[in-house]
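In: next come a sequence and a model predicted from it.
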Amino acid sequence: MAATVLIHRYTGSGAGTGADITGVSTRMKQADNGTADTNNPVPAVTTSYSYWVSTKLVCTVAPANLINNLKWYSDGVSAGTGLTVNAAKASTGTNAGYRQATSAIALNNTNHTGLDVASPTDASTYTSGSPLSLTGSTSTAVAFGDFLVYQLAATSSASPGTMSARTYTWQFDET
Amino acid sequence: MSRGLDALVPKYERDLLTPADFSYWEVLYDDGTTQRETDGKPYSTIDRSRLASFRIVHGGETLIETFPPPGATGHNLVFRRRTQVGDLGRRVIFVFGWAPMGPIFSLDPTAETYRVAGAFDPADMDIAPPVPMPGEPQEMLDYTRATL
């Protein structure tokens, strides 16, 4: 029987609490949640950041055999002038790499000690032709694989207004 | 290039189900017996030494059936149910074929189309190479051979 796998956004302290965001939009904002009620200010100088967003796959119905070959990619479209969505894997240290976003600070492995890299990469560079590979597999109904963490960075050249939605896709194989 | 499936596939409510949810693999053995995914026996239990053909079935109708090409045996069979999920919903395709010699099929039951490639292509998510499962050595999934 085919497995059921959802995308969860994790928020909160400790190991975090996951909420299903499969098939819906979620917000990058200056708060540790995904609701559409807080804007990110366009700064006069330097860069303004959203709280980082932590996502992970959760298998709720186990596969007949195994799920593996996790990939993540964007629609390949830039976030806009003065805007960058940066993304990176996280699996290091406690809570399988999850770190609660408690303020609007830059995403790097100094501020987020669970990141697997020093600095994230522009998410628009991860496309279906060149996806980000994540580690992880499962044969049971559990949360599995690396966290995928992303964040919106806005410079002073960004224009006020609503940013166009971007599409991010998880891919996995199953037998 | 995608080709159309000559099959009767209902238009399921996309928010709830896809044709892939009602599709399953079926193996024909050389003694005429079959093994289906719906028998409760996983992919890893396929007896590759007796495999005569591999097919994807939906609603009792064979969507695609493939036979080992020259030089291939059941030990060259590769199959994956590949899911792409995001804020636009879920897309499930079947990637299967014979590795490393090819061909490789990518079947999209929802779109009622399929593609045939000479080998896996890491730059194309619909026919990107899988990660080995038990019984599938990495060498078998080498995608660097020339395409058809």
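Out: Structure received. Numbering: from 1, shown residues only, chains lettered A, B, ... in the order given.
In: how about the nearest residue to A:Ser78 once chain neighbours are set aside, what does it touch?
Out: Excluding its sequence neighbours, the residue lying closest to A:Ser78 (Cβ to Cβ, 6 or more residues apart in numbering or on different chains) is A:Ser124, at 5.1 Å. (C-beta placed from N, C-alpha, C; glycine too.) Going by Cβ atoms under 8 Å, 6 or more residues apart in numbering or on different chains, A:Ser124 touches A:74-79, A:85, A:166.
In: go again using 10 Å as the cut-off
Out: A:73-79, A:84-87, A:166 (Cβ atoms under 10 Å, 6 or more residues apart in numbering or on different chains).
In: now it: phi and psi?
Out: phi -70, psi -10 (degrees, to the nearest 10).
In: for chain B, see how far away it is.
Out: 15 Å (Cβ to the nearest Cβ, to the nearest Å).
In: just A:Thr35 next, same as before
Out: For A:Thr35, the distance to chain B - Cβ to the nearest Cβ - is 15 Å.
In: wait, is that residue part of a strand?
Out: No: counting by DSSP: H, G, I helix; E, B strand; the rest coil, A:Thr35 is not found in a strand; it is coil.
In: burial count for the nearest residue to it once chain neighbours are set aside?
Out: Computed as Cβ to Cβ, 6+ apart, the closest residue to A:Thr35 that is not its neighbour in sequence is A:Arg27, at 6.5 Å. Residues contacting A:Arg27 under the criterion other Cβ atoms under 10 Å in any protein chain shown number 20.
In: ok, A:Arg27 touching A:Tyr150?
Out: No: taking Cβ atoms under 10 Å as the definition, A:Arg27 is not a contact partner of A:Tyr150, at 11.8 Å.
In: any chance you could list residues touching both of those two?
Out: Contacts common to A:Arg27 and A:Tyr150, judged by Cβ under 10 Å, 6+ apart, are A:50, A:53.
In: now list the buried members of the contacts of A:Ser124.
Out: A:73-75, A:79, A:84-87, A:166 (16 or more other Cβ atoms under 10 Å in any protein chain shown).
In: secondary structure and distance to A:Thr175 added to the residues you listed, as TSV?
Out: Converted to TSV, those look like this (DSSP: H, G, I helix; E, B strand; the rest coil; distance: Cβ to Cβ, whole Å):
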residue	secondary structure	distance to A:Thr175
A:Tyr73	strand	22
A:Ser74	strand	27
A:Asp75	coil	28
A:Ala79	coil	36
A:Thr84	strand	37
A:Val85	strand	33
A:Asn86	strand	34
A:Ala87	strand	28
A:Arg166	coil	31
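In: and which of those residues is nearest to B:Glu65?
Out: A:Tyr73 (31.7 Å; Cβ to Cβ).
In: residues contacting the closest one?
Out: Per Cβ under 10 Å, 6+ apart, neighbours of A:Tyr73: A:87, A:123-132, A:167-171, B:84, B:86, B:125.
In: quick check, A:Leu6 in a strand?
Out: Yes: with three-state DSSP as the criterion, A:Leu6 is part of a strand.
In: quick one: residues contacting it.
Out: A:18-23, A:56-61, A:143, A:170, B:85, B:90.
In: quick revisit: closest one of the contacts of A:Ser124 to A:Ser137?
Out: Once Cβ to Cβ is applied, the member of the contacts of A:Ser124 that ends up nearest A:Ser137 is A:Tyr73, at 18.8 Å.
In: phi, psi for the residue sitting furthest away from the middle of chain B please.
Out: Most distant residue from the mean C-alpha position of chain B: B:Asp87, 25.3 Å away (Cα atoms, centre = their mean). Dihedral pair for B:Asp87: phi -70, psi -10, per degrees, to the nearest 10.
In: gap between it and chain A?
Out: Counting by Cβ to the nearest Cβ - B:Asp87 and chain A are separated by 5 Å.
In: B:Ser106 now?
Out: 12 Å.
In: average pLDDT for the helix or strand containing that residue?
Out: Using DSSP states H and E, B:Ser106 falls within strand B:104-108. Averaging pLDDT along strand B:104-108 gives 96.
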